[in-house]
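S.K.: Okay, predicted coordinates and the sequence, questions at the end:
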Amino acid sequence: MHIGFLNPQGNFDSGNSHITKHPDFGGQLIYVKQLAIAIAQMGHKVDILTRQIIDPEWSEFAETFETYPGVDNVRIIRLPAGPKKFLPKELLWHYLVTDWVPNILKFYQQHGGLPDAMTAHYGDGGICGVLIGEKTGIPFTFTAHSLGAQKMDKLEVTPENLPEIDEQFHFKYRILAERLSMNRSAVNITSTRQERFEQYSHQVYRDAVDVDKDDRFAVIPPGADFSIFGAKAHSENEEATYLHIQERLARDIAEPRRDLPVIIASSRLEPKKNILGLVQAFAMSPTLQERANLVLLTGGFDDPLREETSDDTTEEVLTPIREVIKENDLWDKVSAFGLLDQSQESLAAAYRFMVKRRSVFALTALYEPFGLAPLEAAVAGLPVVATKNGGPSESLQQGNKEYGVLVDPEDPADIVRGLERLLCDADEWEYFAQAGQQRVLKNYTWESTAENYLTLLEQILSSSATRSRAKLLPIHPYFGNPESQTDVFLEELGKLYFGSNQKLLSTSSF
Ligand code: F6P
């Protein structure tokens, strides 16, 4: 099979440059890359289609073609969309329609024909799948990764603040693109059942998809990369990472405490990751403080608890954390630093270092759509405390069987309970380290994700004539020809999100 992956946002390169350095360079790119490689290793031809960026600050993304070293059958293909410079995903919509999709079609006309099927990622990849499907008949699967409806909920959008919020996030395009993607895809792929039944059933997607129709959905969880995160794996800078961590602990932690277990958190410094809740939990438990240090891995920031950063969102996260640390005099018990580089290999080495001192991984995000990070930590051998909101409730628990300790992220006392359970009882630590690791090894491999995608794509291709289709939504004129006359009005978004009776205070601002 020849499969195209539509992923306009972020970018890909053989060195995984910029992974986690920007909100558009995170879990989704890792998912697409790992899945593409796993499918290619099963003998299929895969193209990762992304945007060409010609920008000195992002010099890795300028060439049209690139491959991953040692991997056959995967091409990264970068095609222009709008200006040459890097653009965040919120600003791509217009150029996807005017440039990127036509460039993809032209590319395949000139280079040996279209793929058999596409997998489309996020609402931006999805709308491209819709438009390419319209022109060519090629079917696509839609993997949302993150849906705009839940982000709007989290931002507490009201009729009053919608114009201002939309100015930044462009939900008016995203929601319409998502509705079309989930409506016109061959199948929607979710990572969990909860994503299918709870997220897709948001009222903003009504009439676009029926979550009760089994043939519109496939639940395919992603995998962890054992060759990187496995307990026996060894990264090129394994020893250098160990040394680096020891140096940072020596910098930040009081001497007699330096060999204690660690509560380790590793996520982007964003409010939704709720690192503050974890720090508050640590602050309120003398038992936790007696038994462990708290380590925050902070990406590109080497000493962000003491040095202010120049990034507003990062400061929004760090300022209250610094206050809790100061008020509770936690300076010698908390360490925050970045690893030698932002590679997954260094992170995996850090996890293995922490396992040796019987540490615990913590992810206390307010909501986590899937939560690959705790599974990566688990396969390295760390027992996990994770948010009960979202994917971890399925990956780390099945019936009464627990594979990680789930906690309420909005209740620091519950976070304390979860952490103490692992740090105060050696048997519990051992049980969860084993159970979590086995759970991931058995259920979350990229090979099984790839097999599930392939089975689905084969079914889609062999049943294209007979497959039942949803009632098709019309394609909004903006996605035919984006200009001021065809623009999406905020009232259209407001009607979908608030229902028809809500009036927006101000009309559209464009
Ligand atoms: O990990 C980064 C990322 O996966 C994006 O690429 C993804 O689409 C996003 O997280 C979440 O998007 P949003 O905040 O726009 O819902």
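M.R.: Sure thing, it's come through.
S.K.: and stretch 248-268, how far apart are its ends?
M.R.: 19 Å (Cα to Cα, to the nearest Å).
S.K.: swap in stretch 213-230?
M.R.: Stretch 213-230: ends 37 Å apart by Cα to Cα.
S.K.: for it, the distance to its chain's centre please.
M.R.: Centroid displacement of stretch 213-230 relative to its chain, using Cα atoms, centre = their mean, to the nearest Å, is 13 Å.
S.K.: Provide the count of other residues in contact range of the closest residue to Trp331 other than its chain neighbours.
M.R.: Distances taken as Cβ to Cβ, 6 or more residues apart in numbering put Ile325 closest to Trp331, at 6.4 Å, once the chain neighbours are dropped. For glycine as for every other residue, the C-beta is placed from the backbone atoms N, C-alpha and C. For Ile325, the count of nearby residues is 19 (other Cβ atoms under 10 Å).
S.K.: Which element, helix or strand, includes Ile325?
M.R.: Element membership of Ile325, judged by DSSP states H and E, is helix 312-327.
S.K.: helices or strands up against that helix?
M.R.: helix 275-284 (3 or more Cβ pairs under 8 Å, 6 or more residues apart in numbering; DSSP states H and E).
S.K.: tell me what the helix it packs on is packed against?
M.R.: By 3+ Cβ pairs under 8 Å, 6+ apart, helix 275-284 packs against strand 262-266, helix 286-291, strand 293-297, helix 312-327, helix 412-423.
S.K.: What's the per-residue pLDDT of Tyr367 here?
M.R.: For Tyr367, the model assigns a pLDDT of 89.
S.K.: ok, it touching Lys154?
M.R.: Yes - shown here, Tyr367 and Lys154 form a contact pair, counting by Cβ atoms under 8 Å, at 7.1 Å.
S.K.: Find residues that contact each of these two.
M.R.: Lys272 (Cβ atoms under 8 Å, 6 or more residues apart in numbering).
S.K.: If you count surrounding residues, which of the two has more?
M.R.: The neighbour comparison of Tyr367 against Lys154 (other Cβ under 10 Å) goes to Tyr367, with 18 against 12.
S.K.: List the single closest residue to the more buried one in space, sequence neighbours excluded.
M.R.: Asn389 (4.5 Å).
S.K.: burial count for the one you found?
M.R.: That count, for Asn389 with other Cβ under 10 Å as the rule, works out to 21.
S.K.: Hmm, it is touching Leu366, no?
M.R.: Yes - with contact defined as Cβ under 8 Å, Asn389 reaches Leu366; the gap is 6.5 Å.
S.K.: any residues in contact with both of these two?
M.R.: Pro409.
S.K.: C-alpha coordinates for the helix or strand where Val46 lies, PDB please?
M.R.: Applying DSSP H and E as the criterion places Val46 in strand 45-51. Only the C-alpha atoms of strand 45-51 are listed here, as PDB (Å, rounded to 0.1, in the frame of the first residue of the first chain):
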ATOM      1  CA  LYS A  45       5.400   3.000   1.200                       C
ATOM      2  CA  VAL A  46       4.700   6.000   3.400                       C
ATOM      3  CA  ASP A  47       4.900   9.700   2.700                       C
ATOM      4  CA  ILE A  48       4.800  12.200   5.600                       C
ATOM      5  CA  LEU A  49       3.400  15.300   4.000                       C
ATOM      6  CA  THR A  50       4.200  18.500   5.900                       C
ATOM      7  CA  ARG A  51       4.800  22.200   5.200                       C
END
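S.K.: average pLDDT across it?
M.R.: 98.
S.K.: helices or strands next to that strand in the packing?
M.R.: Where contact means 3+ Cβ pairs under 8 Å, 6+ apart, strand 45-51 is packed against strand 2-6, helix 27-40, strand 74-79.
S.K.: Check which element follows it along the chain.
M.R.: Heading C-terminal from strand 45-51, the first helix or strand you meet, by DSSP H and E, is strand 65-66.
S.K.: partners of that following strand, with directions?
M.R.: Using DSSP bridges, strand 65-66 pairs in its sheet with strand 74-79 (antiparallel).
S.K.: got a list of contacts for the strand it pairs with?
M.R.: 11-14, 36-37, 40, 46-53, 61-68, 100, 103-104, 107.
S.K.: ok, 6 Å please
M.R.: Contact with strand 74-79 is made by 12, 36-37, 40, 46-50, 52, 64, 66, 68, 103, 107, as judged by Cβ atoms under 6 Å, 6 or more residues apart in numbering.
S.K.: tell me the mean pLDDT over it?
M.R.: Strand 74-79 comes out at a mean pLDDT of 98.
S.K.: got it, and stretch 92-99?
M.R.: 98.
S.K.: In it, which residues are buried?
M.R.: Neighbour counts over stretch 92-99 (16 or more other Cβ atoms under 10 Å) mark 92-97, 99 as buried.
S.K.: Please identify the one among those that lies nearest to Glu239.
M.R.: Glu239 lies nearest to Leu92 out of the buried residues of stretch 92-99, by Cβ to Cβ, at 41.3 Å.
S.K.: got the phi/psi numbers for the nearest residue to Pro80 once chain neighbours are set aside?
M.R.: Nearest residue to Pro80, sequence neighbours excluded (Cβ to Cβ, 6+ apart): Gln52, at 4.8 Å. When read as degrees, to the nearest 10, the backbone of Gln52 gives phi -80, psi 130.
S.K.: where's Gln52 relative to Val385, distance?
M.R.: Going from Gln52 to Val385 by Cβ to Cβ, to the nearest Å gives 42 Å.
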